[in-house]
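In: here is a sequence together with a model predicted from it:
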Amino acid sequence: MIPTLAMIATAGETILGLLLVFGWKTRIAALLSGLLLISFALTMTLALGVKAPLDLSVFSVAGGALFLGACETFPLSLDEFLQRNRQGK
């Protein structure tokens, strides 16, 4: 079961990372990335102690992803470009 979960987590990281880089479905990708990072941080805390996720700034990155998910506009994203094209600007 662990190898399967590792492959799912790796695929999720890759897909969400690409979505964030390209700026497509940015809000959803950011919120899901934040949740994934929080789950990593909590798992690392339970397995290795609180020092490991703090050393790797996992909590900070999770907070950044959740903060990005709270934004309403993403000016330099594919989402914004597609929305402008739909509106004819």
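Out: Received the coordinates, thanks. Numbering: from 1, shown residues only.
In: any chance you could list what contacts the helix or strand bottoming out on mean pLDDT in the chain?
Out: One helix or strand of the chain scores below all others by mean pLDDT, DSSP states H and E: helix 78-87, with a mean of 89. Helix 78-87 has contacts (C-beta atoms under 8 Å, 6 or more residues apart in numbering) with Phe22, Gly23, Trp24, Lys25, Thr26, Thr73, Phe74. Bear in mind the C-beta positions are built from the backbone N, C-alpha and C, glycine included.
In: what subset of those is buried?
Out: Buried by 16 or more other C-beta atoms under 10 Å: Gly23, Trp24, Thr26, Phe74, out of the contacts of helix 78-87.
In: and these, which is closest to Ser60?
Out: Nearest to Ser60, judged by C-beta to C-beta, of the buried ones among the contacts of helix 78-87 is Thr26 at 19.5 Å.
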